[in-house]
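Chemist: give me a 3D structure for the following:
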Amino acid sequence: MLTSALSVLVLWYTFWAEAENSIELPELLVAANGEVIDSTQAWQSLRRPELLELFRQNIYGRNPVDKPQDLNFELKKVNESAMSGKATLKLVEICYSGPGGKGCIHLTVFIPKKQKRPAPGFLLICNRPRDENIDPTRKVKSHFWPAEEIVERGYIAATFHISDVDPDEHDRFQNGVHGIFDPRHPSRAPDAWGSIAAWAWGASRCMDYFETDGDIDPSRMAVLGHSRGGKTALWCGATDQRFSLVISNESGCTGAALARRKFGEDIQAINHDFPHWFCENYKSFGGREHELPIDQHMLIALMAPRLVYVASASEDDHADPLGEFLSCVYAQPVFDLYHLEGVGASTMPGEHQPRHTGHIGYHLRKGSHNLTLYDWNCFLDFADKHWKPARHAVEK
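Modeler: Have a look, this model is predicted:
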């Protein structure tokens with residue numbers, strides 16, 4: 001109890017110190033040619049592509065391929081009586097090939113029976129152990145992916161494991177999609193994609209499948225992840241506008257948190273500990289955050305005019321909860337172009353005081369670094385509110 005209270009006090013103190021000494025962030029609505037962006041047309045045609053290119057060049061890297069020409073889907077199993085008859089289970093293999101061989105993503109999908117179809121849903125980018133968190137038999141259950149609760153709320157529960165796309169280890173990009181698609185040169189380009197971009201690519205291939213399944217409404221699918229998965233979800237949502245809701249849970253450095261705050265994990269530390277996550281160019285900004293031409297509020301802004309949700313935990317200083325919240329605040333000008341409310345506050349809310357009214361959702365959960373049932377219920381509440389006009393009645 002004392003630790004939690006002290007953590008919140010530190011966050012509040014830091015917030016007010018920040019108000020007195022504001023962070024100098026790169027201009028969100030000024031293009032490289034000096035043009036002030038004052039319309040949605042200018043944002044979409046000029047500034048948004050500029051920012052995507054800066055993120056590719058300096059942080060996440062550049063994909064050598066988007067949708068493979070030979071991408072194919074194989075339905076390996078269908079169980080109409082999953083979850084004691086409450087859901088239909090589909091096990092799908094998403095397969096592709098490239099110069100370096102073949103790859104396959106194993107997608108698990110539970111579709112609620114009480115919801116008229118096509119149904120909306122959530123795709124989890126799973127970075128926790130597969131057997132403990134995404135068991136399709138449901139003999140093993142975890143709040144990290146509470147499939148039963150998601151289905152009970154009327155949503156599709158879908159997930160894949162990041163290792164299907166690329167192993168989460170520094171193997172010098174020999175395995176996974178890097179080994180399959182990267183050009184065979186003696187050395188990689190300094191802006192070649194890292195593992196975060198590869199996992200985001202995998203989530204987009206799941207969306208390719210969703211568009212073919214008549215039980216799924218691809219216009220109401222959310223992509224979400226926790227920690228490194230949250231970083232991945234944000235980059236996926238920025239590059240793939242088919243996802244109508246993008247959710248980052250405690251993604252921290254190079255996720256939702258502002259780099260220029262240098263609070264908790266920073267650029268130098270994350271590249272040292274996880275050298276395979278980002279492109280080589282990003283390593284040069286360790287200790288030089290203020291020289292980055294971008295910051296993470298711009299990543300949040302790239303979701304506009306779609307829905308985006310950022311979640312933090314009060315004891316997760318490593319992920320910088322305040323920096324995550326401030327990214328939501330500083331992304332507001334782009335949502336203003338669309339006449340949309342963003343996070344709707346400039347003061348960080350307290351624990352368990354979620355903000356769900358605008359197109360940027362936010363909550364601060366009490367506790368440490370984790371993805372919990374409380375977080376999921378907040379995400380589901382947010383979807384209930386903003387997808388309400390499109391929600392279908394229960395089948396009679």
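
Chemist: and residue 351, how many neighbours?
Modeler: 18 (other Cβ atoms under 10 Å). Glycine gets a C-beta too; all of them are placed from N, C-alpha and C.

Chemist: for residue 86, same thing?
Modeler: 14.

Chemist: identify the residues contacting it.
Modeler: By Cβ atoms under 8 Å, 6 or more residues apart in numbering, residue 86 lies in contact with 112, 113, 114, 148, 151, 152.

Chemist: strands - which of these land there?
Modeler: Judged by DSSP state E, the contacts of residue 86 include residue 112 as members of strands.

Chemist: where is pLDDT lowest across the contacts of residue 86?
Modeler: Ranked by pLDDT, the contacts of residue 86 bottom out at residue 114 (85).

Chemist: between the contacts of residue 86, which sits nearest residue 233?
Modeler: The nearest member of the contacts of residue 86 to residue 233, counting by Cβ to Cβ, is residue 151 at 20.6 Å.

Chemist: for residue 120, which non-adjacent residue is closest in space?
Modeler: Nearest residue to residue 120 in three dimensions, chain neighbours excluded: residue 220, at 3.4 Å (Cβ to Cβ, 6 or more residues apart in numbering).

Chemist: that should have said residue 283, apologies.
Modeler: Excluding the flanking residues, the one nearest residue 283 by Cβ to Cβ, 6+ apart is residue 271, at 4.7 Å.

Chemist: now the contacts of residue 86 in CSV, with neighbour count and distance to residue 31?
Modeler: What follows is these, written out as CSV (neighbours: other Cβ atoms under 10 Å; distance: Cβ to Cβ, whole Å):
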residue, neighbour count, distance to residue 31
112, 25, 44
113, 18, 49
114, 15, 48
148, 16, 48
151, 24, 45
152, 16, 47
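
Chemist: for the residue nearest to residue 283, helix, strand, or coil?
Modeler: With DSSP: H, G, I helix; E, B strand; the rest coil as the basis, residue 271 sits in helix.

Chemist: doesn't residue 282 make contact with it?
Modeler: Yes. Counting by Cβ atoms under 8 Å, residue 282 is a contact partner of residue 271 at 6.3 Å.

Chemist: have a look at the two and say which one is more surrounded.
Modeler: Using other Cβ under 10 Å, the more surrounded residue of residue 271 and residue 282 is residue 282, with 24 against 21.

Chemist: can you tell me which helices and strands the helix or strand where the residue nearest to residue 120 lies packs against?
Modeler: Per DSSP states H and E, residue 220 falls inside strand 216-226. With contacts defined as 3 or more Cβ pairs under 8 Å, 6 or more residues apart in numbering; DSSP states H and E, the packing partners of strand 216-226 are strand 119-126, helix 195-210, helix 228-239, strand 245-249, helix 373-386.

Chemist: and these as TSV, adding mean pLDDT, mean neighbour count and distance to residue 57?
Modeler: Converted to TSV, the helices and strands packed on strand 216-226 look like this (pLDDT from 0 to 100; neighbours: other Cβ atoms under 10 Å; distance: least, Cβ to Cβ, whole Å):
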stretch	mean pLDDT	mean neighbour count	distance to residue 57
strand 119-126	98	25	23
helix 195-210	98	24	12
helix 228-239	98	28	14
strand 245-249	98	30	22
helix 373-386	98	19	31
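
Chemist: quick one: closest of the ones you listed to residue 328.
Modeler: The nearest among those, by Cβ to Cβ, is strand 245-249 at 10.0 Å.

Chemist: can you check what angle separates that closest one from strand 119-126?
Modeler: Taking axes from the mean of the first three to the mean of the last three Cα atoms, to 10 degrees, one finds strand 245-249 and strand 119-126 inclined to each other by 30 degrees.

Chemist: what about residue 354, how many neighbours?
Modeler: 20.

Chemist: who's in contact with it?
Modeler: 361, 362, 363, 378, 381, 382.

Chemist: list phi and psi for it.
Modeler: The phi/psi pair for residue 354 (degrees, to the nearest 10) reads phi -60, psi 150.

Chemist: so for it, what's the pLDDT?
Modeler: Reported pLDDT for residue 354: 98.

Chemist: same check, this time on residue 215
Modeler: 97.

Chemist: quick check: residue 259 touching residue 289?
Modeler: Yes. At 4.7 Å, residue 259 counts as touching residue 289 under the criterion of Cβ under 8 Å.

Chemist: so for these two, which residue has more residues nearby?
Modeler: The neighbour comparison of residue 259 against residue 289 (other Cβ under 10 Å) goes to residue 259, with 25 against 16.

Chemist: tell me who's in contact with the more buried one.
Modeler: Listed by Cβ under 8 Å, 6+ apart, the contact partners of residue 259 are 253, 266, 267, 285, 289, 292, 295, 296.
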